[in-house]
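Colleague: model the following, please.
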Amino acid sequence: LSLEQRLVLSFLKSDLDITKVLRYHDGSTGSIALIEPMNGNPFWASPQLAITVSHVGDTRVILCNTQNGKADTLTTDHHPSIKKEFDRIRKYGGFFTRDSFGEEMTVGQFANTRAFGDPIGKRFGVIAEPDIIVRKVSGEEVAFMVLITDGVSSVMTDQEIVDTVKTCPDPTTAAARIVTYAEQFGSDDNITAMVIRLPGWGAQMPDLSADIRKHRLEISSSRGPRMGSGIYNNLVEAANVKEKTIKTLFEDGVFHELSEDQLYDQMAKFGIRLSIDIGMLPGDEPEHDRSEQDVVAMFYSVLNRPRTSVLTVGDVKKAWTLLGVTATTNQ
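Modeller: Okay, here's the model as predicted:
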């Protein structure tokens with residue numbers, strides 16, 4: 001058997017063993033990465049590497065490219081937004097609903113379309129067959145690898161994650177820093193990070209997300225936990241304003257996605273102004289430091305999307321939360 005075949009069989013065998021002892025909704029995602037040096041050197045000093053990744057769910061494996069400092073994400077989250085995942089679930093009679101963040105859920109219960117366990121989901125096409133990714137790279141082109149759970153990726157972009165690692169003296173410090181950032185950015189899910197040193201470790205690379213990360217840290221800084229509450233007196237009010245404003249922008253389902261120009265048109269149509277403010281206590285006067293044009297531009301930046309693309313309700317909700325947006329209306 002090839003390595004890829006052995007990985008598939010090991011995932012399926014693990015799934016069978018897990019399913020035998022779990023009930024109903026219990027399950028887990030998982031990713032593994034095998035780093036093979038292509039000569040006699042240790043992997044962290046090899047001029048050539050063969051990297052094999054096997055994964056189910058939304059635990060990510062990310063490389064950092066030393067040439068440009070950019071995140072190179074090897075995995076693709078197994079969510080209903082992926083066509084082949086959507087088609088398989090529908091084939092098995094499954095259906096999809098959206099949660100309060102606009103994320104699609106399989107049969108109203110499962111965020112992932114592939115997972116270990118989840119016996120109920122198996123009836124509707126939730127599988128544990130992994131995606132296998134094989135990559136051969138020059139050792140000097142990769143600085144490090146990061147493995148993270150969705151408790152990190154839900155509040156940090158892949159670029160923010162690799163930028164966080166670049167100035168760390170060692171992998172242990174880097175992993176701890178990622179976890180700290182995720183906590184500061186408000187993650188309430190499982191937060192796990194692993195950093196693996198590769199031959200390009202220590203290369204001088206630009207911090208491509210420094211401005212946004214600094215701004216987000218200011219938002220969640222010392223003057224009390226805001227979590228995007230902005231000028232509102234409590235988190236419940238902030239959440240209600242966010243839901244109402246986004247529903248208005250998309251005209252309660254009339255639009256499923258909006259371009260940058262359409263977002264501006266909708267804001268003008270309904271007299272909506274978006275801004276981002278620095279941290280404050282309830283009752284303080286807001287000190288806005290971003291215009292609404294800047295806010296929309298930052299939506300695309302924090303989502304790592306080109307400004308020529310369209311944004312869904314889920315995209316806007318995620319960016320809104322990450323940036324700590326506030327909204328006012330002239331009507």
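
Colleague: alpha carbons only for contacts and neighbour counts from here, please
Modeller: Will do.

Colleague: what helices or strands is the helix or strand hosting residue 211 leaning on?
Modeller: Here residue 211, judged by DSSP states H and E, is contained in helix 210-219. Contact partners of helix 210-219 among helices and strands, from 3 or more CA pairs under 8 Å, 6 or more residues apart in numbering; DSSP states H and E: helix 158-165, helix 313-323.

Colleague: how many neighbours does the closest residue to residue 65 other than its chain neighbours have?
Modeller: Sequence neighbours aside, residue 142 is the residue nearest to residue 65 in space, at 4.9 Å (criterion: CA to CA, 6 or more residues apart in numbering). Residues lying near residue 142 (other CA atoms under 10 Å) number 22.

Colleague: quick one: pLDDT of residue 142?
Modeller: Looking at residue 142, its pLDDT reads 98.

Colleague: what separates it from residue 209, distance-wise?
Modeller: Residue 142 sits 19 Å away from residue 209 when distances are taken as CA to CA, to the nearest Å.

Colleague: for the stretch 201-331 of the chain, which segments count as helices?
Modeller: In the stretch 201-331 of the chain, the helices defined using DSSP state H, counting those that start in this stretch lie at 210-219, 235-249, 260-270, 292-302, 313-323.

Colleague: please identify the most buried of those.
Modeller: Most buried of those, by mean neighbour count (mean count of other CA atoms under 10 Å): helix 313-323, with a mean of 21.

Colleague: which other helices and strands contact that one?
Modeller: When contacts are defined as 3+ CA pairs under 8 Å, 6+ apart, helix 313-323 sits against helix 210-219, helix 235-249, helix 292-302.

Colleague: hmm, back to that, mind putting the helices of the stretch 201-331 of the chain in TSV, mean pLDDT and distance to residue 80 included?
Modeller: Formatted as TSV, the helices of the stretch 201-331 of the chain follow (pLDDT from 0 to 100; distance: least, CA to CA, whole Å):
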stretch	mean pLDDT	distance to residue 80
helix 210-219	82	29
helix 235-249	78	22
helix 260-270	90	25
helix 292-302	81	22
helix 313-323	82	13
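
Colleague: so where's the stretch 51-200 of the chain uncertain?
Modeller: Residue ranges of the stretch 51-200 of the chain with pLDDT under 70: 99-103.

Colleague: can you pull out the strands in it?
Modeller: In the stretch 51-200 of the chain, the strands defined using DSSP state E, counting those that start in this stretch lie at 60-65, 71-73, 96-98, 104-106, 116-117, 131-138, 142-148, 193-197.

Colleague: what is the last one packed up against?
Modeller: If you count contacts as 3+ CA pairs under 8 Å, 6+ apart, strand 193-197 packs onto strand 142-148, helix 171-184.
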